[in-house]
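Asks: sequence and predicted structure are below.
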Amino acid sequence: MESLVLTEVIGGLGVITLNRPKALNALSLEMVRELYTVLTGWATDEAVLGVLMRGSGRPAENGKPAGAVHFCAGGDIRFIYDAAITGDLSVDDFFSEEYALDYLIHTYPKPVIAWLEGITMGGGMGLAQGADLRVVTEHIRMAMPETRIGLFPDVAGGYFLSRCAGSLGEYLGIVGPHLHVTDALTLGLADVHAQAESLPTLLEGFKLRHAANGDELLARVRAHVDAHPLGDLPEATVTGHLDQINRHFSLHAMADIEASLRADGSEWAQQALKQMAGHSPLMMCVTLEQIRRARSMSLAQVFRMERDMVRNCFGIRKGKDSETAEGVRALVIDKDNQPRWRPAAIKDVDMMEVEAFFASPWPASRHPLRDLI
């Protein structure tokens, strides 16, 4: 059986390919552990001067054409659901180890390039946002849509969303819109753009000429990207509404934001409300608080806070009573798209319950991410 994580070192460039294409390269616990092992080993391997992460697509087989390439659709939410329902403690291991992996990428001692194609959401964003160079292609579909499944934008979403201009972080985390290449670039969630089909040529270049050091390796990747840009980019769909986003999503509470959007008769505001209508009212309130707290936190502090929060997602209400379990049930398990959120409306959210998500279940000395600095 082929590995879920493929690795190759080409001319000093360590190439990691997420290889679970039938699941859109969603991260399993096995994949997280393999990625962590590979990256920690390469950190001190003199043969590896930098790392490139990419996703895979379903190969052509049985007369069917090859599938689209996707970077990573997030964490394996079916596994998370099953673990939450059955009380399987491996769900704790998954989040602790996933966050430790993401932190490792953010602090990696060698250049990391994320080559982002297709669906890049949730856990895929956790892998991508710590990279030194985030390359988006014409096929990118980027989002942090966790409130739709009764979760919050984790994997340091509090950190990188809160660093977006103005109140964009609140908007992106609460509404979870899908972003194309221009959006990713203008929002600061990607650095450069390139043609997807140019990646094999980039790798071939390293086969022909070994990189001299990490700086030269990164410079060569940048030069290749610059030589293979996309053509006309689509018009930005988010930053064109920055004034409206700041006016609405800077307000104090979710109830105020919702009321302000309702009073705005524009098509954009109504579309935002339509998207929010399917999301967990409780977790939209939790997300608003998360992003605002994260603005004044370090990266390590954000990861610890989010680890507390995700534990509380399954601890405050256990099993099927969890808002996250209900969201995954409605979207992925039963696929009825009729989540029974509790409460069902933003106006009925108890702010004491929101605050409870930020209480740490562990003393500082026993926190699973206590070693992050």
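Replies: Done, it's in.
Asks: and Ala184, that's in a strand?
Replies: No - applying DSSP: H, G, I helix; E, B strand; the rest coil, one finds Ala184 to be helix, outside a strand.
Asks: for it, report the pLDDT, please.
Replies: For Ala184, the model assigns a pLDDT of 98.
Asks: same deal with Leu89?
Replies: 87.
Asks: so who does the residue nearest to it when sequence neighbours are not counted touch?
Replies: Leaving aside its sequence neighbours, Leu89 sits nearest to Ala83 (Cβ to Cβ, 6 or more residues apart in numbering; 7.8 Å). (Glycine included, C-beta is placed from N, CA and C.) Shown in contact with Ala83 (Cβ atoms under 8 Å, 6 or more residues apart in numbering): 89-91, 94.
Asks: ok, now with 10 Å
Replies: 29, 76, 89-94, 314, 325 (Cβ atoms under 10 Å, 6 or more residues apart in numbering).
Asks: which of these are buried? Put it as a ChimeraX command.
Replies: Selecting only the buried entries of these in ChimeraX, with 16 or more other Cβ atoms under 10 Å as the criterion:
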select :29,76,91,92,94,314,325
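Asks: quick one, strands of the stretch 101-250 of the chain?
Replies: 112-116, 119-121, 133-136, 141-143, 192-193 (DSSP state E, counting those that start in this stretch).
Asks: make JSON lines out of the ones you listed and add distance to Leu273 and mean neighbour count.
Replies: Shown next, in JSON lines, are the strands of the stretch 101-250 of the chain (distance: least, Cβ to Cβ, whole Å; neighbours: other Cβ atoms under 10 Å):
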{"stretch": "strand 112-116", "distance to Leu273": "29", "mean neighbour count": "27"}
{"stretch": "strand 119-121", "distance to Leu273": "22", "mean neighbour count": "28"}
{"stretch": "strand 133-136", "distance to Leu273": "28", "mean neighbour count": "25"}
{"stretch": "strand 141-143", "distance to Leu273": "18", "mean neighbour count": "22"}
{"stretch": "strand 192-193", "distance to Leu273": "31", "mean neighbour count": "18"}
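Asks: ok, which of the ones you listed comes nearest Asp215?
Replies: Closest to Asp215 of these is strand 133-136 (Cβ to Cβ; 12.2 Å).
Asks: so which of the contacts of Ala83 are in helices?
Replies: Here DSSP state H is the test, and those give 29, 90-94, 314, 325 as lying in helices.
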